[in-house]
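**Student:** fold the stuff below for me.
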Amino acid sequence: MVDDTIPVRPGEELEINVLEKFLRENVNGLPNEPLNLQQFSNGYSNLTYQLKMGEWEAVLRRPPLGPVAPKAHDMEREHHILSAIHPYFQSAPEPILFSDDESIVGAPFFLMERKHGLVIDNEFPEGIAPTVERCRRLSHVMVNQLADLHSIPYEKTKLMEISRPAGFIERQVVGWISRYERAKTDEIKELMPLIKYLQQSIPKYSQTSIIHYDYKINNAMFNQDLTEMVGLFDWEMATVGDPLADLGVALSYWTEVDDPELIKIGLGHASITTLKGFLTREEFIETYAIRSGRDVSNIDFYVTFGYFKLAVILQQIYSRYKKGQTNDPRFSQLGKTVKSLLAHAANVAAKEV
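**Tutor:** The predicted structure follows:
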């Protein structure tokens, strides 16, 4: 089994004695063995830890350190989402509990099921060759799971209690523009034409489904032969909204070999989706349309918005870095990536105008 955890990073430690006491008071059936704490190495945002006591294990998620954007990193909401989705979509981890007692780990947090499998980012695990056939099959797993998530009868879940599907995409465009303006650090010439395009091109009609809204290959976990998805993580943005917005976001992460260099390596390395055999974005769209039966004729708007949304997320992180609210060296070059994403989005938009 591939080890996907690391020792806890300096500055991100938890009070292990306080946490263990809380667990023993609130989780049934824990073994009489000490708590062991590790951290998951992936991720730029929320802090995620592995908890182990003998054979018992779980995952703890809490918000990042320092001030965060309003309504972002809502642990209670993510716990609620998993509670609603897990019965219909087994790749979603089963939630265990939520706590808003900030004295335990310094912020609200929740516990969820620990899943095991392979998480893939910029390379295949040792011993698994990246053959064309394997890359293509993995692509289809990603597309099919997204389409299947969108087929869940959302009306039967409790997600409607925290969702407003009517007017979803218009609120998203307005909201993400506002988030960018609050986190702005540099002048970028492509920004205003891009914003104008997004404001003027909002679809008059949109579809409705449960959406993950941060769907990418390194948020997924696969079985040992990469034929099934056994886990899908980072549900904090999930809601009931426009499935094509979810598809557009997924495509913004799905880089191709001919993409601009900063799009491919903006987060430090190229995604495996640039390898031969992976579906192109166009093939991803076509495959999704067949699997879901949905009309994808206006997907270019959603892809443009997907790039813009990703740029805003990275800009928020970069803004926190510039203000000294986090000192993670991975964040120092995100400003260049934001500029490249906005320029790429503007180019996609220009082809539509």
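**Student:** could you use CA atoms for every contact and neighbour count after this?
**Tutor:** Fine.
**Student:** show me the contacts for the residue most central in space within the chain.
**Tutor:** In the chain, the centroid-proximal residue (CA atoms, centre = their mean) is Asp214; its distance is 3.2 Å. Each residue near Asp214 by CA atoms under 8 Å, 6 or more residues apart in numbering is listed here: 234-235, 237-238, 246, 249-250.
**Student:** equivalent analysis for Ala107, please.
**Tutor:** Ala107 touches 62-63, 100-101, counting by CA under 8 Å, 6+ apart.
**Student:** buried ones among those?
**Tutor:** 62-63 (16 or more other CA atoms under 10 Å).
**Student:** now, which of the contacts of Asp214 sits nearest Glu78?
**Tutor:** Trp235 (6.0 Å; CA to CA).
**Student:** tell me how many other residues crowd that closest one.
**Tutor:** Other residues within reach of Trp235, judged by other CA atoms under 10 Å, total 23.
**Student:** surely it forms part of a helix?
**Tutor:** No: residue state for Trp235 (DSSP: H, G, I helix; E, B strand; the rest coil) corresponds to coil; a helix is not indicated.
**Student:** OK, contacts around it?
**Tutor:** Contacts of Trp235 (CA under 8 Å, 6+ apart): 78, 81-82, 212-214.
**Student:** how about the nearest residue to Gln199 once chain neighbours are set aside, secondary structure?
**Tutor:** Spatially, and ignoring its direct neighbours in sequence, Gln199 is nearest to Val173 (6.9 Å; CA to CA, 6 or more residues apart in numbering). At Val173 the chain is in helix, as set by three-state DSSP.
**Student:** endpoints of stretch 206-224, how far apart?
**Tutor:** 38 Å (CA to CA, to the nearest Å).
**Student:** mean confidence (pLDDT) on it, please.
**Tutor:** Mean per-residue pLDDT for stretch 206-224: 95.
**Student:** check which residues of it are buried.
**Tutor:** In stretch 206-224, counting by 16+ other CA under 10 Å, buried: 206, 208-222, 224.
**Student:** check stretch 95-107 too.
**Tutor:** In stretch 95-107, counting by 16+ other CA under 10 Å, buried: 95-99, 104-105, 107.
**Student:** ditto for stretch 180-187
**Tutor:** Those would be 180, 183, for stretch 180-187 by 16+ other CA under 10 Å.
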